[in-house]
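K.L.:
here are the coordinates; sequence isn't available:
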C-alpha cells in the first residue's frame, strides 16, 4: 500500500488510520515515492531478492 503524508490536519489523521489499518493486516506500507520508484525499478528488471543486500545506514 502506498500512503504518502500530506499537509493538513484531516489528511494526516486519515493517513495515520490508513497506515495503521494496513500494518494491523500485515500489509506492506510505503510512505515515500522514492521508495516506490526503487521497488518498481527492481521488479521491472526482475532482480532476484537473493542478489539484494541490506545496508545499515547508521554505520
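P.N.:
On my side now, so go ahead. All figures in this text were calculated on a predicted structure; none of them were measured in a lab.
K.L.:
Next up, phi/psi of residue 15, please.
P.N.:
Dihedral angles of residue 15 (phi, psi; degrees, to the nearest 10) stand at phi -60, psi -40.
K.L.:
looking at it, it is touching residue 2, isn't it?
P.N.:
No - using CB atoms under 8 Å, residue 15 is not in contact with residue 2, being 11.0 Å away. No exception for glycine: its C-beta is placed from N, CA and C like everyone else's.
K.L.:
who's more crowded, these two?
P.N.:
Neighbours were counted for residue 15 and for residue 2 using other CB atoms under 10 Å; residue 15 has more, 16 against 13.
K.L.:
can you give me the helices in this protein?
P.N.:
Taking DSSP state H to define them, one finds helices in the chain at 9-24, 33-44.
K.L.:
Tabulate those (TSV), appending distance to residue 52.
P.N.:
Converted to TSV, those look like this (distance: least, CB to CB, whole Å):
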stretch	distance to residue 52
helix 9-24	23
helix 33-44	7
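K.L.:
Least confident of these, on average?
P.N.:
Of all the helices of the chain, mean pLDDT reaches its minimum on helix 9-24 (a mean of 79).
K.L.:
Endpoints of stretch 20-35, how far apart?
P.N.:
Chord length of stretch 20-35, first to last residue, is 19 Å (CA to CA, to the nearest Å).
K.L.:
contacting residues around it?
P.N.:
1-5, 19, 36, 39 (CB atoms under 8 Å, 6 or more residues apart in numbering).
K.L.:
count of neighbours near residue 40?
P.N.:
10.
K.L.:
what does residue 35 give?
P.N.:
For residue 35, the neighbour count with other CB under 10 Å is 12.
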